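Colleague: coords below, sequence missing:
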């Protein structure tokens, strides 16, 4: 039987950091996409959000999340020029800690609007940390051919940050 | 290497339907994953999954949810509607998605549990834990709307995961 869950590409940030992580020329032969992220940025605080754009497009992105911080729960929504997903660890968080996010995009090659979701955590055994559940919508019917991740407030992803893009086939 | 994540069945609706069914589900996997990408054309419609055609009051669920302004949690016991797994709005079939994990679905000793994420970016983000109080192996499932129908073009895919 053909492999259903395949690694398409992976990026590990080298010394000096990286301003972004981008997957381009994404094959249109899968049904869904999943991106596993392990991220830390140089923002001068304990965590950072991550901006996501697809196809170099900068409009019609909505995100809606519910989160827990260890002491409170909150929910928020916004429509922006990118998806916000959460959260990367940042400069003042415990050394060697990275935030983890799983982004899942069903039917990415279809001709309908693209909804997606993410799970994100950034534990650090010190200051406030978060667990996020997020729903995403890109109100655009184009097939997704590229995905770009950028630090929200920092300027670079730190060395050893990783991102792996997987494709999932339904047949 | 043996495949551990395999497609079992997929359905793309050629016309609107109130129920989508997967039947004769093989018991040869360890867990099941259901992924939906759907719309209904009406705002705020819940999505349920009944298994083995069981309409008895044998389902319960607990959820955490966020509507964009507040977080909340709620639960339901002794429900006959099935596992609640998410919510839909809008008429574009790409607008909403659900992912459901059925753990150890084919054993005949324990009650069955699920974890689900319901993603309606226009209205709600939800996470569910569900329980079906039956020791029967899950061999079929009916995915249903609270009311109305799933829109034409909605997709439903069932995957199986093997532990070994």
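Modeller: That came in fine, so what should we check first? Computed from a predicted model, the values in this text were never measured in an experiment. Numbers count the residues shown, from 1 in each chain, chains lettered A, B, ... in the order given.
Colleague: wait, residue A:167 touches residue A:28, no?
Modeller: No: under the criterion of C-beta atoms under 8 Å, residue A:167 is not in contact with residue A:28, lying 9.7 Å apart. In short, each C-beta sits where N, CA and C put it, glycine included.
Colleague: compare those two (neighbour count), which wins?
Modeller: Of the pair residue A:167 and residue A:28, residue A:167 is the one with more neighbours under other C-beta atoms under 10 Å in any protein chain shown, namely 22 against 12.
Colleague: quick one: secondary structure of that one?
Modeller: Using DSSP: H, G, I helix; E, B strand; the rest coil, the structure places residue A:167 in strand.
Colleague: excluding its backbone neighbours, what's nearest it?
Modeller: With sequence-adjacent residues excluded and distances taken as C-beta to C-beta, 6 or more residues apart in numbering or on different chains, residue A:167 is closest to residue A:30, at 3.3 Å.
Colleague: name the SS class of the one you found, please.
Modeller: Judged by three-state DSSP, the three-state class of residue A:30 is coil.
Colleague: residue A:57 now?
Modeller: Classified using three-state DSSP, residue A:57 is coil.
Colleague: over to residue A:145?
Modeller: With three-state DSSP as the basis, the three-state label of residue A:145 is coil.
Colleague: tell me the contacts of it?
Modeller: A:24-26, A:28, A:54-55 (C-beta atoms under 8 Å, 6 or more residues apart in numbering or on different chains).
Colleague: kindly report the same for residue B:76.
Modeller: Residues in contact with residue B:76 (C-beta under 8 Å, 6+ apart) are B:59-61, B:84.
Colleague: now for those, which pair is the farthest apart?
Modeller: B:60 and B:84 (9.7 Å; C-beta to C-beta).
Colleague: neighbour count winner among those two?
Modeller: Applying other C-beta under 10 Å to residue B:60 and residue B:84 shows that residue B:84 carries more neighbours, namely 25 against 17.
Colleague: what strand or helix carries the more buried one?
Modeller: Assessed by DSSP states H and E, residue B:84 sits inside strand B:83-88.
Colleague: that strand close to chain A?
Modeller: No: applying C-beta under 8 Å from any C-beta of the partner chain, one finds strand B:83-88 separated from chain A by no less than 9.5 Å.
Colleague: what mean pLDDT does the next helix-or-strand element following that strand have?
Modeller: Next in sequence after strand B:83-88, counting helices and strands by DSSP H and E, comes strand B:96-103. The average pLDDT within strand B:96-103 is 97.
Colleague: mind checking how far the helix or strand that comes right after strand B:96-103 is from the chain centre?
Modeller: Per DSSP H and E, strand B:96-103 leads on to strand B:112-120 as the next helix or strand towards the C-terminus. Distance of strand B:112-120 from its chain centroid, counting by C-alpha atoms, centre = their mean, to the nearest Å, is 6 Å.
Colleague: returning to that earlier point: which one of the contacts of residue B:76 is nearest to residue B:40?
Modeller: Using C-beta to C-beta, the contacts of residue B:76 come closest to residue B:40 at residue B:84, 15.0 Å.
Colleague: give me the element residue A:10 is part of.
Modeller: strand A:5-12.
Colleague: contacts for whatever helix or strand comes next after that strand?
Modeller: Using DSSP H and E, the helix or strand that follows strand A:5-12 towards the C-terminus is strand A:21-23. With contacts defined as C-beta under 8 Å, 6+ apart, strand A:21-23 is touched by A:8-9, A:11, A:13, A:35, A:146-149, A:157, A:161, A:163, A:165.
Colleague: in chain B, what residue comes closest to chain A?
Modeller: residue B:66 (2.7 Å; C-beta to the nearest C-beta).
Colleague: that residue reaches residue B:121, doesn't it?
Modeller: No: the criterion here is C-beta under 8 Å, and residue B:66 misses it with residue B:121 at 11.3 Å.
Colleague: looking at the two, which is more packed in?
Modeller: Taking other C-beta under 10 Å, residue B:66 and residue B:121 do not tie; residue B:121 has more neighbours (30 against 25).
Colleague: how near is that one to residue A:134?
Modeller: Computed as C-beta to C-beta, to the nearest Å, the residue B:121 to residue A:134 distance reads 9 Å.
Colleague: show me the contacts for the residue nearest to residue A:167.
Modeller: With C-beta under 8 Å, 6+ apart as the criterion, the residues that contact residue A:30 are A:6, A:8, A:108-109, A:167-169.
Colleague: out of these, which comes closest to residue B:109?
Modeller: Nearest to residue B:109, judged by C-beta to C-beta, of the contacts of residue A:30 is residue A:168 at 30.6 Å.
Colleague: what's around the closest one, how many residues?
Modeller: By the measure other C-beta under 10 Å, the count of residues near residue A:168 is 23.
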